[in-house]
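Trainee: How does the following fold in three dimensions:
(one chain, ligands or ions: 1)
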Amino acid sequence: MFHLRKVSRDVARVAVKTRRLSSAPERSLVDLSVDKEGIAIVQMQRAPVNSLNIELMRTICDSVSDLEKDKCKGMILTSASPNIFSAGMDLMELHNPDMKRLEEFSKSMFDLVLKLFGSKIVTTAAIDGYSGAGACVVALALDYRSMTAGKARIGLNDTAVGIPPAKWVADLMTRTMGQRNTELALTSSFMFPAERALQVGLVDEVAKDKEDAVERCKKFIKLYDNILPAVRTHTKLSLRQDFIVEFEKNREQYLKDFMNTITNPAFQNGLDIYISSLKQKKVKAAA
Ligand SMILES: CCCCCCCCCCC/C=C/C(=O)SCCNC(=O)CCNC(=O)[C@H](O)C(C)(C)COP(=O)(O)OP(=O)(O)OC[C@H]1O[C@@H](n2cnc3c(N)ncnc32)[C@H](O)[C@@H]1OP(=O)(O)O
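Mentor: Down below sits the predicted model:
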């Protein structure tokens, strides 16, 4: 929990809104606070592993929209779960899905990619733990990533769950890590510890713990203190426009491809086995 000296009224409004969006009305899916310098911390708190279901993705998306409206200086995405940033997409959303919900899920995923990648504010992630597949995509859509050394791993291990990485996912990674590193990372599904992630450019800095990771994000956001926000945004978005235009143009096709992959019986069989192995791990650990 962060101790911030001042929480603005605007933030109180944001917090109310996110709470209303949560699937569990008694508990918000993100904890949102803004410090006196206008830096927001958006802390995912969907226990146990912050898996990305529709509601969490929408809540993050709406939180960023509100922070943009409130002219926040920047935001730090982080997690309340110890040792886990996020376990990626919620596998339960993909397992024997209801078609209507799966379509909603895909839309929420695409909305979030575009919102994060095209955000007007400075966006960062303090990654303190596992950040696989969809969670790595979330991190890649931001401007800057700091990650704690130690057990934490980050990577696009989509093939482990039988999802061949989509072109836009590979493009997003290539923009950050370059062609060669992306090719190696995607074909091997390698999960990078922080130091290796830094070497290939997947993260920007290695931190000693979560607090340090958050501080490094703040420092990064403050680098822009002397740059006019509108000029920074214009420059960022003009450099990202090619990806955004291409994404918008192919969005319908990406949606169809994703739905086809998920509904393929071979994928569902593989997912059955994968989910059982996750549950089995727990049984073994308890024995
Ligand atoms: C801006 C972009 C937005 C989104 C973009 C996505 C774009 C496309 C991306 C391309 C395709 C991506 C696909 C995916 O993301 S699929 C998910 C991949 N993730 C994984 O394979 C992680 C699986 N989980 C684990 O390896 C471990 O659980 C983990 C290391 C995360 C934690 O280990 P730990 O030992 O601490 O905890 P448990 O394993 O006991 O897990 C606790 C419970 O949580 C359940 N669980 C875990 N992961 C998931 C998940 N991804 N979805 C749903 N549920 C999950 C696990 O089964 C345990 O449940 P129970 O307590 O009921 O047993």
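Trainee: interface residues of the protein facing the ligand?
Mentor: 48-49, 51-52, 84, 87-92, 109, 112-113, 116, 130, 132-134, 137-138, 141, 158, 160-161, 163, 169, 278-279, 281-282 (C-beta under 6 Å from any ligand atom). In this view, the C-beta of every residue, glycine as well, is placed from N, C-alpha and C.
Trainee: Give me the subset of the residues you listed lying in helices.
Mentor: 91-92, 109, 112-113, 116, 134, 137-138, 169, 278-279, 281-282 (DSSP state H).
Trainee: okay, who's weakest in those by pLDDT?
Mentor: Minimum pLDDT for those is recorded at Lys282 (71).
Trainee: Any of the residues of the chain next to the ligand buried? List them.
Mentor: Among those, those classed as buried by neighbour count (16 or more other C-beta atoms under 10 Å) are 49, 51-52, 84, 87-91, 109, 112-113, 116, 130, 132-134, 137-138, 141, 158, 161, 163, 169.
Trainee: about what we covered before: in a markdown table, list the ones in helices among the residues of the chain next to the ligand along with distance to Lys36.
Mentor: Below are these laid out as a markdown table (distance: C-beta to C-beta, whole Å):
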| residue | distance to Lys36 |
| --- | --- |
| Leu91 | 40 |
| Met92 | 39 |
| Met109 | 34 |
| Leu112 | 28 |
| Val113 | 31 |
| Leu116 | 25 |
| Gly134 | 33 |
| Val137 | 32 |
| Val138 | 27 |
| Val169 | 37 |
| Leu278 | 42 |
| Lys279 | 45 |
| Lys281 | 44 |
| Lys282 | 43 |
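Trainee: can I assume Val206 sits in a helix?
Mentor: No. Val206 is assigned strand when assessed by DSSP: H, G, I helix; E, B strand; the rest coil, not a helix.
Trainee: Without its sequence neighbours, what residue ends up closest to it?
Mentor: Ala194 (4.5 Å; C-beta to C-beta, 6 or more residues apart in numbering).
Trainee: what number of residues lie near the one you found?
Mentor: Using other C-beta atoms under 10 Å, Ala194 is surrounded by 26 other residues.
Trainee: do the one 4 residues further on as well
Mentor: For Leu198, the number of neighbouring residues by other C-beta under 10 Å comes to 18.
Trainee: tell me the pLDDT at Gln280?
Mentor: pLDDT, read off for Gln280, is 88.
Trainee: same deal with Arg5?
Mentor: The model's pLDDT for Arg5 equals 30.
Trainee: what do you get for Ser108?
Mentor: Looking at Ser108, the pLDDT reads 98.
Trainee: what's the answer for Thr159, then?
Mentor: 77.
Trainee: OK, contacts around it?
Mentor: Neighbouring residues of Thr159 by C-beta atoms under 8 Å, 6 or more residues apart in numbering: 165, 189.
Trainee: how near is it to Glu205?
Mentor: Computed with C-beta to C-beta, to the nearest Å, the distance linking Thr159 and Glu205 is 28 Å.
Trainee: Report the contact partners of Arg46.
Mentor: Arg46 touches 29, 53, 56, counting by C-beta under 8 Å, 6+ apart.
Trainee: Kindly recompute the last result at 6 Å.
Mentor: Arg46 is in contact with 29, 56, counting by C-beta atoms under 6 Å, 6 or more residues apart in numbering.
Trainee: host element of it?
Mentor: Arg46 is part of no helix or strand, with elements assigned from DSSP states H and E.
Trainee: likewise Leu32?
Mentor: Applying DSSP H and E, one finds Leu32 within strand 30-34.
Trainee: I'd like the average pLDDT over that strand.
Mentor: 97.
Trainee: Which strands or helices does the following helix or strand past it pack on?
Mentor: Sequence order places strand 39-44 as the next helix or strand after strand 30-34, per DSSP H and E. Strand 39-44 sits against strand 30-34, strand 74-79, with contacts defined as 3 or more C-beta pairs under 6 Å, 6 or more residues apart in numbering; DSSP states H and E.
Trainee: now the angle from the shortest one to strand 74-79?
Mentor: Calculated by axes from the mean of the first three to the mean of the last three C-alpha atoms, to 10 degrees, strand 30-34 forms an angle of 150 degrees with strand 74-79.
Trainee: Parallel or antiparallel, list what pairs with strand 30-34.
Mentor: According to DSSP bridges, strand 30-34 forms sheet pairs with strand 39-44 (antiparallel).
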